[in-house]
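Enquirer: Structure for the following, please:
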Amino acid sequence: KGHKAHVSQGAIVMMKPDGAVSALVGGRDYDASSFNRATQARRQPGSSFKPFVYLAALENGISPWDVRTDGPIDINGWSPTNYGGRQYGTITLAEALAHSVNTITAALGQEVGISTVVEAAQRCGITSPLEQNPALALGTADVTPVEMTTAYAVFANGGDKVYPYYVTEVDNHGGHPLYR
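Expert: Numbering: from 1, shown residues only. Here you go, the predicted model:
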C-alpha cells in the first residue's frame with residue numbers, strides 16, 4: 001500500500017498512559033535509512049494540535065459548553081477557513097473541537113493568547129520550539145511523533161504529565177536483574 005501512495009518509510013509510537021512505550025517503529029528498513037522517524041522527524045501536527053488550544057481555554061475559565069459562531073475571521077491579514085469551505089454556524093466549543101473547526105479554533109487561540117497555548121502544550125510534553133504566531137492554533141509548529149504521543153498521554157490519564165520510557169528491566173543470563 002505504501003508503494004501506491006509513493007511512501008517508502010513511516011513511523012508509529014504506541015504508549016501506555018503512564019509513559020511506557022510498548023511499541024516504536026521509526027522506519028521500514030534501518031539499512032536503507034537509520035533516521036528514526038518516531039523520535040527525530042519533525043512534522044506539522046495539523047489539527048491534532050487543537051486540543052492544546054482547548055486545554056488553554058478550559059484552564060482560563062472557558063467552558064466546553066460556551067458557544068462561538070463560525071464565520072470569516074481575519075487575524076492580522078491571515079484568514080483561516082474550514083476544510084472544504086464548510087460553515088457550522090453557532091456551536092459549542094465541544095462541537096467545534098469535535099468537528100475540527102479551524103475558524104473557531106484560531107479565534108479561540110487569539111482569545112486566550114497564543115503564549116497561553118504554547119505553555120499548555122509544553123506542560124503536556126511538547127518540547128520542540130513553538131513559534132508564537134496565530135497559525136500555531138491550527139498545528140503549524142514542527143513536532144515529533146513521540147512528543148505528540150507523550151502530550152496526548154496527559155489527556156488519556158487524567159492530567160498527569162508523563163515521560164516516555166522504553167526499558168523497565170534488563171536481566172542477565174541467570175535471570176537476575178542488572179538494571180531496573
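
Enquirer: can you pull out the strands in this structure?
Expert: With strands called from DSSP state E, the chain shows them at 12-15, 21-25, 67-69, 90-92, 170-171, 177-179.

Enquirer: residues making contact with stretch 50-66?
Expert: Taking contacts as CB atoms under 8 Å, 6 or more residues apart in numbering, the residues outside stretch 50-66 that touch it are 92-94, 97, 100, 105, 108-109, 111-113, 116-117, 119-121, 124, 126, 137-139, 151-152, 155. Quick note: C-beta positions are derived from backbone N, CA and C, even for glycine.

Enquirer: give the contact list for the nearest residue in space to E147 that is not next to it in sequence.
Expert: What sits nearest to E147 in space, not counting adjacent residues and going by CB to CB, 6 or more residues apart in numbering, is I126, at 5.3 Å. Contact criterion CB under 8 Å, 6+ apart gives 52, 141, 143, 147-148, 151 as the residues in contact with I126.

Enquirer: low-confidence ranges in the chain?
Expert: Judged by pLDDT under 70, the chain has its weakly predicted residues at 1.

Enquirer: Could I get the full set of helices for it?
Expert: For the chain, the helices defined by DSSP state H cover 50-59, 93-98, 102-112, 114-124, 145-156.

Enquirer: export these to a markdown table and tack on distance to R68 and mean neighbour count?
Expert: Formatted as a markdown table, these follow (distance: least, CB to CB, whole Å; neighbours: other CB atoms under 10 Å):
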| stretch | distance to R68 | mean neighbour count |
| --- | --- | --- |
| helix 50-59 | 10 | 22 |
| helix 93-98 | 6 | 18 |
| helix 102-112 | 5 | 22 |
| helix 114-124 | 16 | 19 |
| helix 145-156 | 21 | 20 |
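
Enquirer: follow-up on the earlier one: make CSV from the strands of the chain and add distance to L130 and mean neighbour count to it.
Expert: Shown next, in CSV, are those (distance: least, CB to CB, whole Å; neighbours: other CB under 10 Å):
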stretch, distance to L130, mean neighbour count
strand 12-15, 20, 17
strand 21-25, 23, 14
strand 67-69, 23, 15
strand 90-92, 27, 14
strand 170-171, 36, 10
strand 177-179, 34, 9
